[in-house]
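**Q** Build me a model from this:
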Amino acid sequence: MTERERERERRKNPSAGVSALRRDGDDPMIEILKATAPGTPLRQAIDGIVELRRGGLLLIADEEKAKRVVQAGFELHTKMTPQKVIELSKMDRAIVLDESLQTILYANAYLVPDPGIPSAETGTRHLTAEKVAKQLNAPTIAISATRGRVTIYYGPHKHVLRDVLTLTARANQALRILEQYRATFDDLSRELTVLEFEGRVLPYHVANLIQTVVQMLAIQDEIERIFIELGEEKELMELQLDWLMLDVFDELLLVIRDFQADARPPEEALARIQALSPEELLRPEKIMEALGYEASEERLEEPLPSRGYRVLSQIPRIPMSVIERLVERFGTLQRILEASEEELQEVKGIAGVRARTIRLGLQRLKRSLMLWE
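**A** Numbering: from 1, shown residues only. Down below sits the predicted model:
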């Protein structure tokens with residue numbers, strides 16, 4: 001399973017708690033945003049508190065950690081349900097939930113954080129929430145009584161929950177932009193394939209496609225972040241996102257394999273490309289440098305031979321293992337195109353039928369591209 005597939009699975013399974021909070025480098029807010037998404041028990045409790053217009057303060061932490069700031073309150077250790085949290089919020093002080101969000105540890109808890117911790121908040125509830133979050137490095141949720149504004153604090157981070165209508169509008173706008181990028185991607189992909197058959201690929205052709213995909217991935221990440229907050233409201237938009245990004249990431253890796261200067265894993269080159277600043281990403285020479293080439297204007301005028309991974313992958317029923325052996329044997333797409341069926345059969349895993357399939361598949365693909373032009 002690829003990293004993107006693993007993330008897709010995490011997105012489809014909203015967190016039942018925040019105890020397994022993060023892998024190194026992940027946004028620390030992700031799990032708590034999943035736990036507060038529409039449809040989750042915690043969000044039902046939050047929405048109920050907002051409707052009461054009394055405000056509230058929720059701390060999510062294990063008992064030992066919570067005891068560092070809880071000075072008084074009712075110790076409950078009862079099963080958490082949205083209804084219980086809503087009723088307990090009618091008391092003025094905080095409610096403490098365990099990290100699994102299965103147990104209410106304290107109600108009407110008086111939280112006393114370290115007074116030396118700085119805070120930019122002015123209201124008592126939000127000031128306490130921010131200081132506790134910083135001191136314990138645990139999620140706290142402050143709910144405004146008058147405006148119903150829900151603010152999540154986690155360590156030094158702060159996030160204001162947005163309503164479903166606002167999130168949906170943001171997601172739809174981003175999807176419309178992504179749709180335009182997808183049309184550009186499809187055009188650039190077809191153009192690159194034509195040039196590969198003709199042996200006329202220049203560095204800027206490769207750079208343009210890579211730039212487009214990297215920008216699409218950035219928009220996808222933004223949309224997926226919104227989906228986390230949308231919870232069960234995201235389903236139809238998620239299908240649209242999956243359609244717009246179909247095969248895009250895999251094709252990017254194949255383009256890198258086709259044109260990078262060495263045979264290192266394409267993920268390494270992709271990491272270097274994604275580390276570029278927005279300004280650098282628009283410069284073809286920087287893209288080519290990330291692919292292992294010397295950064296010079298002269299280099300941008302030199303044709304690049306394609307290894308053929310991406311073109312060969314468009315032929316049905318040809319396993320990647322066979323494609324890799326073909327590239328290892330012939331080196332470039334042009335040499336594969338020039339090879340006879342007998343020469344193709346010298347590659348392990350290619351018999352007469354598969355050799356004809358490869359040659360006919362390449363011919364059909366080339367004809368279809370000529371019709372497109």
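**Q** Look up phi and psi at the residue nearest to the spatial centre of the chain.
**A** Centroid check for the chain by Cα atoms, centre = their mean gives Asp221 as the closest residue, at 3.9 Å. Taking degrees, to the nearest 10, you get phi -60, psi -40 for the backbone angles of Asp221.
**Q** Does anything pack onto the helix or strand harbouring Leu167? Which helices or strands?
**A** Under the criterion of DSSP states H and E, Leu167 resides in helix 164-198. Here helix 164-198 touches helix 203-230, helix 235-244, helix 248-259, helix 309-312, helix 333-338, helix 352-372, going by 3 or more Cβ pairs under 8 Å, 6 or more residues apart in numbering; DSSP states H and E. All C-beta atoms are positioned from the backbone trio N, CA, C, and that covers glycine.
**Q** what's the most buried one of those helices?
**A** Mean neighbours per residue, mean count of other Cβ atoms under 10 Å, is largest over the helices and strands packed on helix 164-198 for helix 309-312, with a mean of 23.
**Q** per the record, what domains does the protein have?
**A** 8-161, 163-306, 307-373 (automatic domain parsing).
**Q** hmm, back to that, ok, of the helices and strands packed on helix 164-198, where does mean pLDDT dip lowest?
**A** Comparing mean pLDDT over the helices and strands packed on helix 164-198, the weakest stretch is helix 352-372, at a mean of 90.
**Q** how many degrees apart are it and helix 164-198 in direction?
**A** Here helix 352-372 runs at an angle of 110 degrees relative to helix 164-198 (axes from the mean of the first three to the mean of the last three Cα atoms, to 10 degrees).
**Q** from the middle of its chain, how far away would helix 352-372 be?
**A** Here helix 352-372 is found 35 Å from its chain centre; the criterion is Cα atoms, centre = their mean, to the nearest Å.
**Q** returning to what we had before: got a list of what the residue nearest to the centre of the chain touches?
**A** Counting by Cβ atoms under 8 Å, 6 or more residues apart in numbering, Asp221 touches no other residue.
**Q** Tell me how far it lies from Phe227.
**A** 10 Å (Cβ to Cβ, to the nearest Å).
**Q** what's the answer for Leu369, then?
**A** 36 Å.
**Q** what's the answer for Leu362, then?
**A** Distance from Leu362 to Phe227, counting by Cβ to Cβ: 39 Å.
**Q** Nearest residue to Pro305 in space, please, no chain neighbours.
**A** Thr332 (4.5 Å; Cβ to Cβ, 6 or more residues apart in numbering).
**Q** Isn't that neighbour up against Ser306?
**A** Yes: using Cβ atoms under 8 Å, Thr332 is in contact with Ser306, at 6.5 Å.
**Q** For the stretch 1-150 of the chain, which segments count as strands?
**A** Secondary structure of the stretch 1-150 of the chain by DSSP state E, counting those that start in this stretch: the strands cover 56-60, 70-79, 94-97, 103-111, 139-143, 150-154.
**Q** Would you mind giving these as CSV with mean neighbour count added?
**A** Shown next, in CSV, are those (neighbours: other Cβ atoms under 10 Å):
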stretch, mean neighbour count
strand 56-60, 26
strand 70-79, 14
strand 94-97, 28
strand 103-111, 21
strand 139-143, 28
strand 150-154, 23
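**Q** Let's have those in a markdown table, adding distance to Glu298 and mean pLDDT.
**A** Below are these laid out as a markdown table (distance: least, Cβ to Cβ, whole Å; pLDDT from 0 to 100):
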| stretch | distance to Glu298 | mean pLDDT |
| --- | --- | --- |
| strand 56-60 | 58 | 97 |
| strand 70-79 | 68 | 95 |
| strand 94-97 | 63 | 98 |
| strand 103-111 | 65 | 97 |
| strand 139-143 | 54 | 98 |
| strand 150-154 | 50 | 97 |
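**Q** Show the contacting residues for Gly292.
**A** Gln260, Ala261, Asp262, Arg264, Ala269.
**Q** do the same with Met237
**A** By Cβ under 8 Å, 6+ apart, Met237 lies in contact with Thr168, Ala171, Asn172, Leu175, Ile223, Phe227, Leu230.
**Q** from those, which single one is nearest Pro316?
**A** Distance to Pro316 across the contacts of Met237 (Cβ to Cβ) is lowest for Leu175, with 29.9 Å.
**Q** how much distance is there from stretch 257-266 to the middle of the chain?
**A** Taking the mean of its C-alpha atoms, stretch 257-266 sits 24 Å from the chain's own mean (Cα atoms, centre = their mean).
**Q** now swap in stretch 345-362 and tell me
**A** Per Cα atoms, centre = their mean, the centroid offset for stretch 345-362 relative to its chain is 38 Å.
**Q** Show me what it is in contact with.
**A** 311-312, 314-319, 321-322, 325-326, 329, 336-337, 341-342, 344.
**Q** What is the burial count for the residue nearest to Thr81 when sequence neighbours are not counted?
**A** Leaving aside its sequence neighbours, Thr81 sits nearest to Pro41 (Cβ to Cβ, 6+ apart; 7.0 Å). Here the number of neighbours of Pro41 (other Cβ atoms under 10 Å) works out to 16.
**Q** got the contact list for Met299?
**A** Let me fix one detail, which is that residue 299 is Arg and not Met. Under the criterion of Cβ under 8 Å, 6+ apart, the neighbours of Arg299 are Pro203, Glu285, Met288, Tyr293.
**Q** now, which of those residues lie within helices?
**A** Counted as lying in helices by DSSP state H, out of the contacts of Arg299, are Pro203, Glu285, Met288.
**Q** On the pLDDT front, check the second one for me.
**A** On pLDDT, Glu285 comes in at 93.
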